[in-house]
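Colleague: Output the structure for:
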Amino acid sequence: MDEAEYLCNRVAIMEEGRIVALESPDQLIDNLVATGFEREKQVKKANLEDVFIHLTGHSLRD
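Modeller: Prediction:
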C-alpha cells in the first residue's frame, strides 16, 4: 500500500473480486478522514492501508 500511495495516480480497492472504491490515493484518504476516522493511541496520518481496512473490514494479510 505504501508503494501505491506514492506511485499511483488512481487506486482500486477490491473485495471479493469487486471494486469498492476507485480514486486517487489522496481522495481515498480524504474520504476516510471525512467519515471521522481516528486511530486510537497513535499519532499517524491516515494512509491507503487504513482506507482498505475501512472499506473491506479486512487487513491486507487476511
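
Colleague: Name the helix or strand for the closest residue to residue 13 other than its chain neighbours, please.
Modeller: Once flanking residues are discounted, residue 13 sits nearest to residue 21: 4.3 Å by C-beta to C-beta, 6 or more residues apart in numbering. For glycine as for every other residue, the C-beta is placed from the backbone atoms N, C-alpha and C. Here residue 21, judged by DSSP states H and E, is contained in strand 18-23.

Colleague: Can you dump the C-alpha atoms of that strand in CSV for me?
Modeller: What follows is strand 18-23, C-alpha atoms only, in CSV (Å, rounded to 0.1, in the frame of the first residue of the first chain):
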residue,chain,number,x,y,z
ARG,A,18,-15.4,-6.3,-7.0
ILE,A,19,-14.2,-2.8,-6.9
VAL,A,20,-15.4,-1.0,-3.7
ALA,A,21,-13.5,2.3,-4.4
LEU,A,22,-11.6,3.8,-7.3
GLU,A,23,-10.0,7.2,-6.6
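
Colleague: Direction included, what does that strand pair against?
Modeller: Here strand 18-23 is paired, per DSSP bridges, with strand 11-15 (antiparallel).

Colleague: what residues does the partner strand touch?
Modeller: Contacts to strand 11-15, defined as C-beta atoms under 8 Å, 6 or more residues apart in numbering, come from residues 4-5, 19-25, 28, 48, 51-52, 55-56, 58.

Colleague: tell me the SS of the residue nearest the centre of the chain?
Modeller: Geometric centre of the chain, nearest residue: residue 51, 2.0 Å, by C-alpha atoms, centre = their mean. Secondary structure, DSSP: H, G, I helix; E, B strand; the rest coil: residue 51 is helix.

Colleague: Give me the nearest residue to it, chain neighbours excluded.
Modeller: residue 28 (4.5 Å).
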